[in-house]
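Visitor: missing the sequence, but the structure's below:
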């Protein structure tokens, strides 16, 4: 067949004049319209060319469209923008730099260590020879240990310590049962702690829970280099006794009137004060009252905490029942010997084969045996079987110092196999019947537990309401709140390095998720800022980056508080009663903030404005 190709090579390149000559597209269109209609074959080709040309335009338009759309799609989403913003800031970043919390400082003899108690009731047990300098050399003599405590969302806010955490692959927040910062100095130089000489901490705090069993919390260390909370272990929480504020040292403490960083006065002690310098002489047990004034909304939050506690107990009971009600062992189908390799007989005793222990079982060797004559002539004295995931077994043989390891599987032949199949089918039918029976029993047990706890919740709600009403009738609103909302506990744990330590448990992100804009009563629009939010049923603090909008997450069933710091060092606040107006869980929302005219100059100012 003749090739109808006409290749042209080395053509003369087009010059600018030739290109310009053929750029009169209007004239070209007139020539095309005046030409004779094409034949069918020509029409096919022409239409194909037109299709390709039109397709080219369409493709160009699509490419243009996707290019434009990619401009918008490539714009980083809020979470990415927020993460990038906070990544540029110091990991611990106080919003008001002048409000650094004052540390309680004690003088410790590094050679002896000792037990030390702070005005809040918290204690520290320092072992002997626990400090080192920057070169790793052991420190002797007097060392100053500085101790800060953070107990509520105002403390967390002013400290600039982040409370966000990655929880089960998602963003979450830490609910705190108390946080400390500890460091030591000698002659102004920061010291380190020997990891093998941990300091024991008893942190006294208040947390919300119902019943007599405190909830479970973890211990986290703030790794500022990695910018993350590092889980260290479990927090041991005990309900504090009325007289647990006592000295455990061999020396009798000397109590004097003291003041903490907020100016609150209390009886405290310091071993360094000589008797002549006594201001007071009280030597009995002391209770340091850190009771917070709670609002009406906190009582509702206490009820939620009570229900959460019952839910935890219910889940624990269900888990216990699931452990106790066990399914029968599922039978395994016997395997027929395939004749592809040698077999062995073993005198099996006990349940080494599990549900494959059929009468007449032999073992097919799956391993190629080297030095077979030596292997087969050896009278092996001991063996053991180790089951593998694929249902085969590792067979370990030994005689004196001689050892062999083989891979084998249990098989049967002839009548033994037929008999085993019948046995398997009978056992399988029994297993299926028992499985259904156990599943029904488990469902009934779970239902009974859930019904019982539903009644407990109902009774708890009733008793809660009655108790609150009774105490309110007596004029003890705050007492009612503190009795149910917060209980004094002692967090017991060890620290093996200086820094920030937190008694926490992670909480997942909330369901309510609003894209918020922010302005105050004077129509001042807030942008390029950080918004802070706390859920009063949890002792936590969240931060949201406010660029033009902030993605605010909260629990609509709790008492929430939200605020930001203005450039004039004032607080704009969205109070709990404002949250009650929100009738949506997602979408856009305009947060109308209440700008307090007072410039904040102290921690007390912040607490007053945020009503804590």
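Guide: In hand now; what should we look at? Treat the numbers as computed from the prediction; the structure is a model and nothing was measured.

Visitor: show me which positions of the helix or strand hosting residue 219 end up buried.
Guide: Here residue 219, judged by DSSP states H and E, is contained in strand 217-223. Buried residues in strand 217-223, defined by neighbour count with 16 or more other Cβ atoms under 10 Å: 217, 218, 219, 220, 221, 222. For every residue, glycine as well, the C-beta is placed using N, CA and C.

Visitor: can you tell me how far the residue nearest to the fifth one when sequence neighbours are not counted is from residue 593?
Guide: What that stands for is residue 221. Among residues not flanking residue 221 along the chain, residue 230 sits closest, at 4.8 Å (Cβ to Cβ, 6 or more residues apart in numbering). Spatial separation of residue 230 from residue 593 under the definition Cβ to Cβ, to the nearest Å is 36 Å.

Visitor: likewise residue 399?
Guide: Here residue 399 is placed at a distance of 84 Å from residue 593 (Cβ to Cβ).

Visitor: these two: who's more crowded?
Guide: Shown here are residue 399 and residue 593; by other Cβ atoms under 10 Å, residue 593 has more neighbours (23 against 13).

Visitor: the more buried one reaches residue 573, doesn't it?
Guide: Yes: the pair residue 593 and residue 573 passes the contact test of Cβ atoms under 8 Å, sitting 6.3 Å apart.

Visitor: please enumerate the shared neighbours of those two.
Guide: The contact sets of residue 593 and residue 573 overlap at residue 563 (Cβ atoms under 8 Å, 6 or more residues apart in numbering).

Visitor: walk me through the domains of the protein.
Guide: Listed domain ranges for the chain are 26-56, 86-292+494-500, 343-411, 510-609 (source: automatic domain parsing).

Visitor: beta partners of the spatially closest residue to residue 86 that is not a sequence neighbour?
Guide: Closest residue to residue 86 in three dimensions, ignoring its sequence neighbours and counting by Cβ to Cβ, 6+ apart: residue 545, at 6.6 Å. Each beta-bridge partner of residue 545 is listed here: residue 530, as defined by DSSP bridges.

Visitor: distance check, residue 545 against residue 533.
Guide: Distance, residue 545 to residue 533, using Cβ to Cβ: 12 Å.

Visitor: how about the contacts made by residue 351?
Guide: With contact set as Cβ under 8 Å, 6+ apart, residue 351 has these partners: residue 357.

Visitor: can you classify it by secondary structure?
Guide: With DSSP: H, G, I helix; E, B strand; the rest coil as the basis, the three-state label of residue 351 is coil.

Visitor: between the buried residues of strand 217-223, which sits nearest residue 305?
Guide: Residue 305 lies nearest to residue 217 out of the buried residues of strand 217-223, by Cβ to Cβ, at 13.8 Å.

Visitor: which one is the closest one nearest to, not counting chain neighbours?
Guide: Excluding the flanking residues, the one nearest residue 217 by Cβ to Cβ, 6+ apart is residue 235, at 4.1 Å.

Visitor: wait, that neighbour sits on residue 177?
Guide: Yes: A contact is recorded between residue 235 and residue 177 when judged using Cβ under 8 Å, the distance being 6.7 Å.

Visitor: quick check: neighbours shared by those two?
Guide: Jointly contacting residue 235 and residue 177 under the rule Cβ under 8 Å, 6+ apart are 217, 491, 503.

Visitor: format those residues as a markdown table; extra columns: pLDDT.
Guide: Rendered in a markdown table, the data for the shared contacts of residue 235 and residue 177 read as follows (pLDDT from 0 to 100):
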| residue | pLDDT |
| --- | --- |
| 217 | 91 |
| 491 | 94 |
| 503 | 94 |
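
Visitor: ok, so of those residues, who is nearest residue 204?
Guide: Proximity of the shared contacts of residue 235 and residue 177 to residue 204 was ranked by Cβ to Cβ; the top entry is residue 491 with 7.9 Å.

Visitor: in terms of secondary structure, what does whichever strand or helix holds the closest one contact?
Guide: Here residue 491 sits within strand 487-495, counting by DSSP H and E. The helices and strands touching strand 487-495, judged by 3 or more Cβ pairs under 8 Å, 6 or more residues apart in numbering; DSSP states H and E, are strand 170-186, strand 199-207, strand 217-223, strand 228-239, strand 499-508.

Visitor: give me the neighbour count for residue 378.
Guide: 15.

Visitor: and residue 506, what does it touch?
Guide: 165, 167, 172, 173, 174, 175, 218.

Visitor: surely the third one and residue 164 touch.
Guide: Going back to what we said before, that points to residue 172. Yes: taking contact to mean Cβ under 8 Å, the distance of 7.3 Å between residue 172 and residue 164 places them in contact.

Visitor: pull the residues that contact stretch 389-401.
Guide: Counting contacts by Cβ under 8 Å, 6+ apart, the residues touching stretch 389-401 from outside are 332, 344, 346, 356, 363, 366, 378-388, 403-410.

Visitor: put the buried members of those into a ChimeraX selection.
Guide: Provided next is the ChimeraX selection string for whichever of these are buried by 16+ other Cβ under 10 Å:
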select :332,346,356,363,380,383,385,404,406,408,409,410
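
Visitor: in strands, which of the contacts of stretch 389-401 fall?
Guide: Secondary-structure check on the contacts of stretch 389-401 using DSSP state E: residues within strands are 344, 363, 382-387, 403-410.

Visitor: show me the contacts for residue 566.
Guide: So residue 566 contacts 526, 529, 572, 595 (Cβ under 8 Å, 6+ apart).

Visitor: pick out the most distant pair among the residues you listed.
Guide: The widest separation within the contacts of residue 566, taken as Cβ to Cβ, falls between 529 and 595 and amounts to 12.8 Å.

Visitor: please name whichever of the helices and strands packed on strand 487-495 is nearest to residue 127.
Guide: Using Cβ to Cβ as the measure, strand 199-207 is the one of those that comes nearest residue 127, at 7.2 Å.

Visitor: for the closest one, list every residue counted as buried.
Guide: Of the residues in strand 199-207, those buried under the neighbour-count criterion (16+ other Cβ under 10 Å) are 199, 201, 202, 203, 204, 205, 206, 207.

Visitor: what about that strand, distance to the chain center?
Guide: Between the mean C-alpha point of strand 199-207 and the mean C-alpha point of its chain there is a distance of 22 Å (Cα atoms, centre = their mean, to the nearest Å).

Visitor: kindly report the same for stretch 313-333.
Guide: Computed by Cα atoms, centre = their mean, the chain-centroid distance of stretch 313-333 equals 28 Å.

Visitor: who's in contact with that stretch?
Guide: The set of residues external to stretch 313-333 that reach it, using Cβ under 8 Å, 6+ apart, is 211, 354-356, 391, 421, 424, 427-428, 430-431, 434-435, 438, 441-442, 445-446, 449-450, 453.

Visitor: ok, now with 7 Å
Guide: Applying Cβ atoms under 7 Å, 6 or more residues apart in numbering, the external contacts of stretch 313-333 come out as 355-356, 424, 427-428, 431, 434-435, 438, 441-442, 445-446, 449-450, 453.

Visitor: what lies in contact with stretch 223-242?
Guide: Outside of stretch 223-242, the residues within contact range by Cβ under 7 Å, 6+ apart are 91-92, 165, 174, 177, 204, 214, 217-222, 287, 487-493, 502-503.

Visitor: that concludes my questions; thank you for your assistance.
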